[in-house]
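> Just the structure for this:
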Amino acid sequence: GYSGGKTQVYTFCRQWKQEQSQAPKGVGFVPLHFELGEAFQFDWSTEYLAIGGLRRRLEVAHVKLAASRAYVLVAYYSQAHEMLFDAHTRAFAAFGGVPRRGIYDNMKTAVDKVGKGKARSVNARFEAMTGHYLFEADFCNVASGWEKGQVEKNVQDRRRHIWREASEKRWASLAELNAWLLQTCVDSWQELPHPEWSELTLADVWQDERTRLMALPRPFDGYVEHPTRVTSTALIHFQRNRYSVPCEWVNAVVSLRVYADTLRLVGPQGEVVDLSRSFERDQTFYDWQHYISLLERKPGALRNGAPFKTMPEPLQELQRQLLKHPGGDRVMAQVLSAVPLHGVEAVVVAVELALQAGRVSGEHVLNTLSRLKEPRSPVAVV
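Numbers count the residues shown, from 1 in each chain. Purely as a prediction, here's the structure:
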C-alpha cells in the first residue's frame, strides 16, 4: 500500500546518514566494579610464533580474574571444545580456586544459538563444565565487548609484553611454550601494580582474592567424543591423520575421546588406549606393539611391515640378523610375543645381552629374559 516512490526513500536515507555523521563519535561507558572472587573474564586471541622450526598460528586463551586482575595465558592450535575445557582447568589450578561467575562473548564453543536479550542456547558440553566447577556463565550482549573490557585490554597488553619476548625465542614444542607462559604470567603478577590500588601488586590482591574463591574440585574430564570405525589395517582416522590401535579391534566401532593433547580410545570391551595427539596433517602414527598378536598368524609381515620400522634399534638389529636364516621371521615373532608378558624394557635388555654375546637366536634371548626375571637370592654375610 505504499504510494510513494524511490525519491522519498533516497531522501530519508540521505537525511539519516547526515544525522549519523553529526552524532557524537565517542560512546560513554559505565565503570565496572567486581568483588573479590566474584568473576573472571575469558577471551581468545590469535598470535604467531616459531614452534618446531615452523611459523605457527596459535589460538591463545586469556583467563583473567576481574577483581585482582591476575591472568593466565594458554596457547593451542585451535579453539575447539577440548581446548576451551583445558584452558579453564589450567587457569583455575593457577588461581587456586574457581570464581562464582564467568564472563564470555558469544563464542560458538559455548553458545549454540543467540536469542533475544540475554537468552542463550548453551552448548551441552560447555554447560557440563560450568556445572562441574559450579560457576555461572554470563554472556555479553552482541557486539558489546566492553562488558568484558579487562580481558580485551589484556590481549593488547600481553602483545606488548609477553608475546614480544616470546617471538624472540624458538620453541621446540607447544608444551614447552605453555610451561614458559604460565611461569611468565605468575611472575608478572609480582611486578604489575594493581590499577585501583597502586601500592599493591596483582599478586598482593590475588592473595586476598584466592581466599574468596570456591574450592577447586578434581579437573573436569574435558573431552569431545566421536564414534569411529577401525580399519582392516588397525588404524583410525582423525583430522586427516591415521593412528594405530590394537589389531584385536579391527573393523570394530570404538569410542574416540578427544582431549587437548591426547586421543583416548575405548575399545569394545572397555579397554582404554591413550595416543599422543598430532596437529600435523596426512601423517600415520604407528605403535608396533599394537600388531604383535597379528604376527602369530602372519610372521612374514615382519619383513616389510611399516609399524615394525619404529621398533627400538636392538630389536631391529636382531630382526636383521634373524631374517638372514630360514624361519627367522617366526623366531622374531616368538621374541616379540614376550613383550606383552615381560614389557618392552626387559625384552630390549635381553636382546642387547644376546647381541653382545654374539649368540643370536630366539632361544638364547628368551633364556636370558627368564634369568633376568628370576628373583635373586639374598647373599649371606659371614
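
> Can you spell out which helices and strands pack onto the lowest-mean-pLDDT helix or strand in the chain?
One helix or strand of the chain scores below all others by mean pLDDT, DSSP states H and E: helix 362-373, with a mean of 75. Other helices and strands packing on helix 362-373, by 3 or more Cβ pairs under 8 Å, 6 or more residues apart in numbering; DSSP states H and E, are helix 328-336, helix 344-357. From N, CA and C alone the C-beta is placed, and that goes for glycine too.

> Adding distance to S3 and mean neighbour count, write those helices out as a markdown table.
Shown next, in a markdown table, are those (distance: least, Cβ to Cβ, whole Å; neighbours: other Cβ atoms under 10 Å):
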| stretch | distance to S3 | mean neighbour count |
| --- | --- | --- |
| helix 328-336 | 89 | 21 |
| helix 344-357 | 87 | 17 |
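
> who's in contact with the most centrally placed residue in the chain?
The centroid of the chain falls nearest to A260 when counting by Cα atoms, centre = their mean (1.9 Å). A260 is in contact with Y76, E82, M83, F85, D86, G222, R277, counting by Cβ atoms under 8 Å, 6 or more residues apart in numbering.

> Tell me the predicted confidence for the first one.
According to the predicted model, the pLDDT of Y76 comes to 96.

> separation between it and E127?
According to Cβ to Cβ, to the nearest Å, Y76 stands 21 Å off from E127.

> Of the two, which one has the most company?
Set Y76 next to E127 and count neighbours by other Cβ atoms under 10 Å: Y76 wins out with 21 against 12.

> Just give me the neighbour total for the spatially closest residue to the residue nearest to the centre of the chain that is not a sequence neighbour.
Of all residues not flanking A260 in the chain, D86 sits nearest, at 3.8 Å (Cβ to Cβ, 6 or more residues apart in numbering). Residues lying near D86 (other Cβ under 10 Å) number 22.

> where in the stretch 1-150 of the chain is pLDDT low?
Flagging of the stretch 1-150 of the chain using pLDDT under 70 yields the residue ranges 23-29, 145.

> And the strands in it, which stretches?
39-51, 54-65, 71-76, 101-104, 111-114, 120-122, 136-139 (DSSP state E, counting those that start in this stretch).

> So H237, which state does it fall into?
With DSSP: H, G, I helix; E, B strand; the rest coil as the basis, H237 sits in strand.

> Would you agree it is in contact with T228?
Yes: here H237 reaches T228: they are 7.1 Å apart, a contact under Cβ atoms under 8 Å.

> Same drill for those two, tell me which one is more crowded.
T228 (18 against 14).

> before we move on, the earlier item: and the residue nearest to the centre of the chain, how close does it get to A80?
According to Cβ to Cβ, A260 stands 8 Å off from A80.

> Which of the contacts of A260 has the largest number of neighbours?
For the contacts of A260, counting by other Cβ under 10 Å, the largest number of neighbours falls to F85: 24 neighbours.

> Relative to R69, how far out is it?
Taking Cβ to Cβ, one finds F85 at 24 Å from R69.

> do the same with G5
G5 is 58 Å from R69, where distance means Cβ to Cβ.

> same thing with Y104?
From Y104 over to R69 the distance is 18 Å, taken as Cβ to Cβ.

> pLDDT of the host helix or strand of Q316, averaged?
Using DSSP states H and E, Q316 sits within helix 313-322. For helix 313-322, mean pLDDT rounds to 89.

> what angle do that helix and helix 344-357 make?
Angle, helix 313-322 to helix 344-357, by axes from the mean of the first three to the mean of the last three Cα atoms, to 10 degrees: 50 degrees.

> Can you tell me which of the contacts of A260 is nearest E168?
Proximity of these to E168 was ranked by Cβ to Cβ; the top entry is Y76 with 21.3 Å.

> Wait, that closest one touches M83, no?
Yes: using Cβ under 8 Å, Y76 is in contact with M83, at 4.2 Å.

> tell me, what's touching these two both at once?
In contact with both Y76 and M83: E59, A61, A260, using Cβ under 8 Å, 6+ apart.

> Pick the one among those residues closest to Q15.
E59 (44.4 Å).
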